[in-house]
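**Student:** predicted model follows, preceded by the sequence.
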Amino acid sequence: MADILQIEQVIQILKQDLPTLFEKDISYNIYTQDIYFQDPVNKFKYKFNYRIIFWTLRFHAQLFFSQIAFDLHEVYQSAEDTILAKWTVRGILRVPWQAKIFFNGYSTYKFNSDNLIYEHIDTWDRQPGEILKQFIQKG
């Protein structure tokens, strides 16, 4: 049986992992095997798929962006079984007109009695289509 992680440790790991998620992999030991993930374009279950989404993020970040950043503003325990992370994604696309992408969001992490995260839901401040429009706008 693994040691039960303290919530403070989980928060510290998130604070460490999230700002560099476009550059390097995150720690998966704070998530359950059957973690459920949802954002405005994806929803799935299981750690295997969770790993793939982070790999895909890094791959696409390097392929499509000359610069990309995940600015983490705060991470805190917002309820007895919930951690909230507020963030901004900003980047410059590899297109001649250097389109910029920018959106804010927050991640809601639910944790179980072992303090492992079993649910991660991302909320964005605008619709995926609006974010995509940033790619094609010149200037």
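**Tutor:** Great, that's in hand.
**Student:** do a quick rundown of the helices in the chain.
**Tutor:** Along the chain, counting by DSSP state H, helices occupy 7-17, 47-64, 128-136.
**Student:** I'd like these laid out as JSON lines, including mean neighbour count.
**Tutor:** The C-beta positions use only the backbone N, C-alpha and C, and glycine is treated the same way. Listed next are the helices of the chain as JSON lines, based on neighbours: other C-beta atoms under 10 Å:
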{"stretch": "helix 7-17", "mean neighbour count": "15"}
{"stretch": "helix 47-64", "mean neighbour count": "14"}
{"stretch": "helix 128-136", "mean neighbour count": "12"}
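**Student:** reformat those as a markdown table; add distance to residue 29.
**Tutor:** Putting the helices of the chain into a markdown table (distance: least, C-beta to C-beta, whole Å) gives the following:
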| stretch | distance to residue 29 |
| --- | --- |
| helix 7-17 | 8 |
| helix 47-64 | 10 |
| helix 128-136 | 30 |
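**Student:** where among those is the average confidence lowest?
**Tutor:** Mean pLDDT is lowest for helix 128-136 among these, at a mean of 84.
**Student:** what about dumping the CA coordinates of that one to CSV?
**Tutor:** Only the C-alpha atoms of helix 128-136 are listed here, as CSV (Å, rounded to 0.1, in the frame of the first residue of the first chain):
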residue,chain,number,x,y,z
PRO,A,128,-13.0,25.9,-28.8
GLY,A,129,-14.1,27.5,-32.1
GLU,A,130,-13.3,31.0,-30.8
ILE,A,131,-9.8,29.8,-29.8
LEU,A,132,-9.3,28.2,-33.2
LYS,A,133,-10.3,31.5,-34.9
GLN,A,134,-7.2,33.1,-33.3
PHE,A,135,-5.1,30.8,-35.5
ILE,A,136,-6.4,32.3,-38.8
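**Student:** any idea how far that helix is from the chain center?
**Tutor:** The chain centroid and the centroid of helix 128-136 are separated by 18 Å under C-alpha atoms, centre = their mean, to the nearest Å.
**Student:** which strands and helices sit next to that helix?
**Tutor:** Where contact means 3 or more C-beta pairs under 8 Å, 6 or more residues apart in numbering; DSSP states H and E, helix 128-136 is packed against strand 100-111.
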